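Chemist: quick check, what structure comes out for this input:
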Amino acid sequence: MKQKSPWIHYGILFVIYAVATVTLLTHTFFHTLVHGEENSIVYKAQPCSHVGSTHTILIQGNAFIPDKLNVQRCDTVEFENRDKNTQYLPSLGDHPHDIIYAGFKEQTLGYNQKESFVAHTAGMFKFHDHIKDQIEGMITITR
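Modeler: Okay, the predicted model is just below:
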């Protein structure tokens, strides 16, 4: 029996890589198109001279707990998913217009996963779940 050329394996790997790359680029393009990130408000990091307290917002039972949070500038705000069978995608801003807040990474959180950011800029910031957009809350950051 004739053995297959190793180039076939390289060809298959190339096709898989190409499909994954096109998928990622397409997702990024449509996310920008739908959410209009080029028109989003951008909050650049302001330097913090100290490390503040950490405040946790639990995501459980299709709710943020607490849904209103007051923190000081330079405190850390942490989102933590406590639902075993549900994923959440915490986002800052008013759905569907997210804001870009330096240090905050919008990512899907599975059970017991966390995402945190330093509250470097004072203001009032809405937050919501991108998957279940009726779940929302407010963070107030004071100087």
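Chemist: mind checking the SS state of residue 8?
Modeler: Classification of residue 8 by DSSP: H, G, I helix; E, B strand; the rest coil places it in helix.
Chemist: and if you look at residue 12?
Modeler: Residue 12 - assigned by three-state DSSP - is helix.
Chemist: how many neighbours does it have?
Modeler: Residue 12 has 10 neighbouring residues, counting by other C-beta atoms under 10 Å. Glycine gets a C-beta too; all of them are placed from N, C-alpha and C.
Chemist: tell me the contacts of the residue nearest to the spatial centre of the chain?
Modeler: Per C-alpha atoms, centre = their mean, the C-alpha nearest to the average position across the chain is that of residue 106, at 1.0 Å. Neighbour list for residue 106: 89, 90, 91, 92, 98, 130 [criterion: C-beta atoms under 8 Å, 6 or more residues apart in numbering].
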